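S.K.: Just a sequence and a predicted model for now, questions to come.
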Amino acid sequence: MTESDKAISRRAFLGRSVATVVGAGMGLAAATESLGGPQDKPAEQPPQDAAGKPQIKEYRPLGKTGWKVSDISFGNGAMTEPALLEYAIERGINYVDTARQYYDMEIVIGKIFPQKRDKLFVTTKLMPELITADVTADAVTQAIDESLQRLNTDYVDSCLIHSVGDPNLGDLKRLQNPNIYDAFEKAKKAGKIRFWGASSHGPKMVEDFTWLIENTAIDMIMPGMNYMTKGLEPVLAKAKEKNVAVVAMKSLSAARKIDYSAHMREGRTVRQAFTKWMLAQPNIDTITLSMRSFEDVDEFVSASGNPNLTPDEGKTLKEYGLLLDRDYCRPGCDACLAACPGGVPIHDILRYRLYFHNYGREKYAMGLYAALPDSRRAVQCSSCSGPCVGSCPFKLPVREKLIEAHSQLRA
């Protein structure tokens with residue numbers, strides 16, 4: 001990337017015409033078939049950027065929505081200016097993921113509307129704590145209205161129940177509240193939302209996703225899954241059978257601050273290898289990735305439409321997987337939930353450790369840990385025999401990781 005690329009400003013992006021964006025790749029199926037258009041029509045291939053920048057090469061049907069979306073999608077919970085998203089749009093990305101929980105990302109996305117509203121499939125998520133066994137339809141409706149106001153739009157393409165499968169938020173009963181689905185149906189009829197779904201990277205996500213697919217008219221699921229996760233295959237197959245869209249997240253596992261320079265081959269990176277492996281998995285419509293720089297956008301878009309790993313990339317992926325194998329707590333695994341006699345939320349604390357150690361989100365991770373009651377923090381782990389260790393099917397040194405997490409995360 002040149003210095004001029006790095007210096008792209010919000011003003012420069014906003015000064016470009018919509019026609020330029022369309023010419024760079026947004027005049028694809030989403031622009032002409034966005035609501036109920038035929039899905040058997042081949043997606044238009046965006047032209048090569050004049051500056052030789054990578055472009056999205058594949059657009060996939062998004063479940064029953066009628067949209068064809070870029071195989072690589074945009075997510076960035078800490079985005080503060082729309083310039084990065086606009087750059088991603090120019091590369092051909094037409095799906096963006098946000099949430100009320102993601103600071104002011106909804107507001108930042110709203111800055112590019114209404115000019116680019118019909119060029120993007122926008123998914124937002126309700127606050128996790130909102131969805132309870134006794135939440136009212138009016139409360140859900142109010143939350144949807146608040147997101148629409150923040151997004152500067154009169155509709156959202158998909159609205160998700162955020163963080164199903166998290167035992168801290170309640171059990172399956174909270175999803176069995178009919179008021180939630182009454183509110184979604186009313187919002188659909190009013191044109192406020194077009195589809196609804198659920199997201200999860202919690203230990204009970206297989207159970208909760210399965211119930212939702214079998215018992216509701218859900219349109220989309222957003223599971224945390226990557227090269228290191230196991231056990232989601234039946235859920236994805238069930239979603240495919242019912243034409244429920246699948247948007248993968250957490251797809252880079254821990255590939256952030258770990259030094260993977262030794263695992264780069266011929267200009268390709270481990271993150272691209274992870275991405276390509278995900279693109280090759282069956283029953284996935286798109287992958288949402290956090291993009292925090294122009295370089296990130298170019299790196300991930302370069303993997304679009306190319307799920308085939310070279311021999312070197314396959315070797316690199318296996319080598320890097322070995323680095324993560326005894327360090328990474330997998331989404332969707334609940335084996336350790338009842339293992340701690342002191343009630344330490346093992347899966348949560350190891351996730352906070354991941355944010356701190358691998359994702360560079362130290363203050364965020366420390367804040368989450370500080371919110372735990374003293375009695376549930378990992379300070380007690382240093383004097384415990386560690387029954388949690390034997391409960392982990394992936395043989396993580398759980399006690400050691402918890403002690404390390406407490407040392408890092410305590411204020």
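M.R.: Structure's in. What do you need? Residues are numbered from 1 along each chain as shown.

S.K.: mind showing which ranges of the stretch 151-300 of the chain have poor pLDDT?
M.R.: Along the stretch 151-300 of the chain, the model assigns pLDDT under 70 to residues 253-268.

S.K.: what about A338, neighbour count?
M.R.: Counted with other Cβ atoms under 10 Å, the neighbours of A338 add up to 11. C-beta coordinates here come from the backbone N, C-alpha and C atoms, glycine included.

S.K.: ignore the last one, R60
M.R.: Applying other Cβ under 10 Å, we find 20 residues neighbouring R60.

S.K.: so it touches N283, yeah?
M.R.: No: with contacts defined as Cβ atoms under 8 Å, R60 does not count as touching N283, sitting 10.9 Å away.

S.K.: Now for the two: what residues contact both?
M.R.: Among the neighbours of R60, none is also in contact with N283 (Cβ atoms under 8 Å, 6 or more residues apart in numbering).

S.K.: for the residue lying closest to G332 once chain neighbours are set aside, what are its contacts?
M.R.: Beyond its immediate neighbours in the sequence, the residue positioned closest to G332 (Cβ to Cβ, 6 or more residues apart in numbering) is M205, lying 5.0 Å away. M205 sits next to 164-165, 223-224, 232, 331-332 when contact means Cβ under 8 Å, 6+ apart.

S.K.: low-scoring stretches of the stretch 1-150 of the chain, by residue?
M.R.: 1-51.

S.K.: For G342, see how far away the residue of the chain most remote from its centre is.
M.R.: Here the centre of the chain is the reference, and by Cα atoms, centre = their mean the most remote residue is S383, at 36.7 Å. Distance, S383 to G342, by Cβ to Cβ, to the nearest Å: 10 Å.

S.K.: same question, S290
M.R.: Using Cβ to Cβ, S290 is found at 33 Å from G342.

S.K.: F300 too?
M.R.: If you go by Cβ to Cβ, the gap between F300 and G342 works out to 41 Å.

S.K.: which one of the two has more residues nearby?
M.R.: Set side by side, F300 and G342 show unequal neighbour counts under other Cβ under 10 Å, the larger going to F300 at 27 against 14.

S.K.: Hmm, the more buried one is touching M291, no?
M.R.: Yes: at 6.5 Å, F300 and M291 qualify as touching, with contact defined as Cβ under 8 Å.

S.K.: tell me the contacts of N168?
M.R.: Taking Cβ under 8 Å, 6+ apart as the contact definition, N168 lies against 345, 348.

S.K.: who's in contact with the one residue sitting closest to the centre of the chain?
M.R.: Within the chain, the residue whose C-alpha comes closest to the C-alpha centroid is M249; the distance, by Cα atoms, centre = their mean, is 3.2 Å. The contact partners of M249, taken as Cβ under 8 Å, 6+ apart, are 75, 97, 199, 201, 222-225, 287-288.

S.K.: Tell me which of these fall in strands.
M.R.: For the contacts of M249, membership in strands holds for 75, 97, 199, 222-223, 287-288, with DSSP state E as the criterion.

S.K.: Format these as CSV; extra columns: neighbour count.
M.R.: Listed next are those as CSV, based on neighbours: other Cβ atoms under 10 Å:
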residue, neighbour count
G75, 21
D97, 27
S199, 27
M222, 28
P223, 28
I287, 28
T288, 23
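
S.K.: List just the nearest of those residues to S391.
M.R.: The shortest gap between S391 and any of the ones in strands among the contacts of M249 belongs to P223, at 22.6 Å (Cβ to Cβ).

S.K.: wait, that closest one sits on T288?
M.R.: No: P223 is beyond contact range of T288, at 11.1 Å (criterion: Cβ under 8 Å).
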